[in-house]
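**Q** coords please:
(chains A and B)
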Amino acid sequence: MTAFIIYKAIMCGAVFLLCLGAAAYATLWERKFAAFLQDRKGPSRAGWGGLLQPLADGVKMFMKEEIIPNVSNRSLFILGPSIFMVTAVITSSVIPWAKPVLINGVTYDLQITDINIGVIYLLGVASIGVYGIMIGGWASNNKFALLGAVRASSQMISYEIPMGIALIALIISSGGSLSLKEIVEGQDVGFANIVWQPLGFLIFFICALAETNRAPFDLPECETELVGGYHTEYSSMKLGLFLFAEYINMFISSAVMATMYFGGYNFPFAHELYAKLGLADGSVWISLIGFGALITKIFGFICLFMWIRWTLPRFRYDQLMNLGWKSLLPLSLLNLAITVAVEYFRGNIHF
Amino acid sequence: MLGYTITQWLFGVLSLMAIMFALMVVFTRNPVNSVLYLVLTFFCIAGHYLLLNAQFLAVVHIVVYAGAIMVLFLFIIMLMNLNADTEPRKHIVTRVIAGCIGGVLLFVMVGALKGAEQLQLVQGGSSQIGLVKNLGKVLFTEFLFPFEIASILLLSALVGAIMIGKREKTVEEIGN
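**A** Numbering: from 1, shown residues only, chains lettered A, B, ... in the order given. Predicted coordinates for the structure are as follows:
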């Protein structure tokens, strides 16, 4: 019992630190990447080539004056960013980070928890995340913040539906399990799910962009119309939490996409490589290599997110809604129908 | 711990919280707080589902009620800008009548539950029924017909909502 609790505590701590660290350096990478695309240098003064910039930003955020508007609803004003941060982090608990390790005859899963409804859990947490923005925006008692909050919530609700349907198609084609661990293990031998679900992945990716409020879907904080959107009235670390949670969300949704569509910690010819290196199942090195593969995929997705942000202009709000309801929803239904037909003729579904 | 198992402790704490939050839904004067307490109540009920080994039901409960329906409630209340002071103080007669009716309801419920401990509970199905695999199997074999009827009901509600939400055509548009 004690050993189990210690192992879980270490896992939780490690994943939490991984999320925070990855998000912190994603902020630096975002600025570097933008600078690269715009032919600039980017932040380069703090540390070696700007490596300590996230630390400097964090210290700055903590040191700034904290302002809570007089006319705001004080408790809800503080609750908003807290909820947003918590929901961003707890999504990471169902992601399998690497292959199980065998230490002293005991197998340790490198995943906080393997619940048999992992995929629905992800959707559930994503649907709770909108409360942070809504409560924060409303409690500010500011018209721009309220408009931003309303935009955010309607956008997130709209894009959750095609996202869910794309996931249903993925689950049907990957063998019917809702556990992320089993979805990854199903991609161990044979092709990754992206081969069977190219359209589903495209829909999921667009919805992930919208759910994380990244450009070109960053209308909730559209500064040309709404000053700062839902975080107009926020300052100091509360603003920091909102901005930081966006990067955590981006990291986690990249991890989810890598896990569900691109094989997670698996990579092509992995078994051949392990056999050549003479590594037995359960070796720490296999887990480390697998973890490296997953992180590489996540990094690729984060770069894609940033590339899109610094390339595409922002949508208009009616275009956003039309895209969600009139293009993505029918497309995802079509994808579901095609998937069911294909799986039926492959003999994986019986009526 | 005091002769109770962890599950019993969890049950007790969750029940207490659920009842407390449910009462707060009624007692707070600010409608936004009311909705947020209702969301917390839903979370406590989802916790009860988890204790019953019905994980699928628990998460779907959160996705549908807390994640979708209550967000829309919150949406409307925020846009209408209802505050504590827009809620009118009820007249004394109304309060007395409400108290009497509530007391009678309590009386009926106590009467109804008085003999409850003599009932023998019949365990229906296995304890694994709440898992998504078993639930799906039962829904699509034994309860297929009610399931399809429910989906038709939902579809008709959907069509009705679209009909109500549609903008009515103006005279010029009909003329064209």
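
**Q** Quick one: residues contacting the most centrally placed residue in chain B.
**A** Residue closest to the average C-alpha location in chain B (Cα atoms, centre = their mean): residue B:42, at 6.5 Å. Contact partners of residue B:42, counting by Cβ atoms under 8 Å, 6 or more residues apart in numbering or on different chains, are B:61, B:62, B:65, B:66, B:70. Heads up, the C-betas are built off the backbone N, CA and C, glycines and all.

**Q** can you pull the pLDDT of it?
**A** We have a pLDDT of 91 for residue B:42.

**Q** Just the buried positions in the host helix or strand of it, please.
**A** In this structure, residue B:42 sits in helix B:31-51 according to DSSP states H and E. Neighbour counts over helix B:31-51 (16 or more other Cβ atoms under 10 Å in any protein chain shown) mark B:31-50 as buried.

**Q** mind checking how far it is from the chain centre?
**A** 8 Å (Cα atoms, centre = their mean, to the nearest Å).

**Q** Put the alpha carbons of it into PDB.
**A** The C-alpha coordinates for helix B:31-51 follow below in PDB (Å, rounded to 0.1, in the frame of the first residue of the first chain):
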ATOM      1  CA  PRO B  31     -28.300  33.400  -9.600                       C
ATOM      2  CA  VAL B  32     -24.800  32.800 -10.900                       C
ATOM      3  CA  ASN B  33     -23.700  31.400  -7.500                       C
ATOM      4  CA  SER B  34     -26.800  29.300  -7.600                       C
ATOM      5  CA  VAL B  35     -25.800  27.700 -10.900                       C
ATOM      6  CA  LEU B  36     -22.200  27.200  -9.700                       C
ATOM      7  CA  TYR B  37     -23.500  25.400  -6.600                       C
ATOM      8  CA  LEU B  38     -25.700  23.200  -8.800                       C
ATOM      9  CA  VAL B  39     -22.500  22.300 -10.800                       C
ATOM     10  CA  LEU B  40     -20.800  21.300  -7.600                       C
ATOM     11  CA  THR B  41     -23.900  19.200  -6.700                       C
ATOM     12  CA  PHE B  42     -23.500  17.400 -10.000                       C
ATOM     13  CA  PHE B  43     -19.900  16.600  -9.200                       C
ATOM     14  CA  CYS B  44     -20.900  15.100  -5.900                       C
ATOM     15  CA  ILE B  45     -23.500  12.900  -7.600                       C
ATOM     16  CA  ALA B  46     -20.800  11.900 -10.200                       C
ATOM     17  CA  GLY B  47     -18.700  10.800  -7.200                       C
ATOM     18  CA  HIS B  48     -21.600   8.600  -6.000                       C
ATOM     19  CA  TYR B  49     -21.700   7.000  -9.500                       C
ATOM     20  CA  LEU B  50     -18.000   6.300  -9.200                       C
ATOM     21  CA  LEU B  51     -18.600   4.600  -5.800                       C
END
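
**Q** So for the helix or strand following that helix, mean pLDDT?
**A** Sequence order places helix B:55-61 as the next helix or strand after helix B:31-51, per DSSP H and E. Helix B:55-61 comes out with an average pLDDT of 85.

**Q** what about the very next helix or strand once past helix B:55-61, average pLDDT?
**A** Later in the chain than helix B:55-61, the nearest helix or strand by DSSP H and E is helix B:70-80. Averaged over helix B:70-80, pLDDT sits at 81.

**Q** Contacts for the next helix or strand along the chain from helix B:70-80, please.
**A** Per DSSP H and E, the first helix or strand lying C-terminal to helix B:70-80 is helix B:92-113. The contact list for helix B:92-113 (Cβ under 8 Å, 6+ apart) reads residue B:90.

**Q** Any residues of the stretch 151-300 of chain A in contact with chain B? List them.
**A** With the criterion set to Cβ under 8 Å from any Cβ of the partner chain, the stretch 151-300 of chain A comes near chain B through A:153, A:154, A:157, A:160, A:178.

**Q** Now intersect those with the helices, please.
**A** Members of these lying in helices (criterion: DSSP state H): A:153, A:154, A:157, A:160.

**Q** which one of those residues sits closest to residue B:148?
**A** residue A:160 (24.9 Å; Cβ to Cβ).

**Q** list the contacts for the residue nearest to that closest one when sequence neighbours are not counted?
**A** Spatially, and ignoring its direct neighbours in sequence, residue A:160 is nearest to residue A:127 (6.0 Å; Cβ to Cβ, 6 or more residues apart in numbering or on different chains). If you count contacts by Cβ under 8 Å, 6+ apart, residue A:127 has them with A:156, A:157, A:160, B:62, B:63, B:66, B:67, B:68, B:71.

**Q** Next: residue A:71.
**A** So residue A:71 contacts residue A:141 (Cβ under 8 Å, 6+ apart).

**Q** please redo it, this time with the cut-off set to 10 Å
**A** A:140, A:141, A:142, A:233 (Cβ atoms under 10 Å, 6 or more residues apart in numbering or on different chains).

**Q** Is it in a helix, a strand, or coil?
**A** coil (DSSP: H, G, I helix; E, B strand; the rest coil).

**Q** That one and residue B:67, how far apart?
**A** Residue A:71 sits 29 Å away from residue B:67, going by Cβ to Cβ, to the nearest Å.

**Q** So residue A:53 is in contact with residue A:35, correct?
**A** No: using Cβ atoms under 10 Å, residue A:53 makes no contact with residue A:35, being 11.7 Å away.

**Q** These two - which one has more neighbours?
**A** residue A:53 (21 against 16; other Cβ atoms under 10 Å in any protein chain shown).

**Q** Might you report the residue contacts of the more buried one?
**A** Going by Cβ under 10 Å, 6+ apart, the list of residues near residue A:53 reads A:24, A:25, A:27, A:28, A:31, A:32, A:42, A:43, A:44, A:45, A:46, A:47.

**Q** Just give the nearest non-adjacent residue to the residue in chain B that chain A sits nearest to, would you?
**A** Here chain B gets closest to chain A at one residue, residue B:67, 2.7 Å apart by Cβ to the nearest Cβ. Excluding the flanking residues, the one nearest residue B:67 by Cβ to Cβ, 6+ apart is residue A:127, at 2.7 Å.

**Q** Name the helix or strand for the residue in the stretch 51-200 of chain A positioned nearest to chain B, please.
**A** At 2.7 Å from chain B, residue A:127 is the closest residue in the stretch 51-200 of chain A, using Cβ to the nearest Cβ. In this structure, residue A:127 sits in helix A:118-139 according to DSSP H and E.

**Q** Buried residues in that helix, which are they?
**A** Here helix A:118-139 shows A:118-139 as buried, counting by 16+ other Cβ under 10 Å.

**Q** average pLDDT across it?
**A** 85.

**Q** try stretch B:158-170
**A** 81.

**Q** Repeat that for stretch A:188-195.
**A** According to the model, stretch A:188-195 has a mean pLDDT of 79.

**Q** Appreciated, that's everything.
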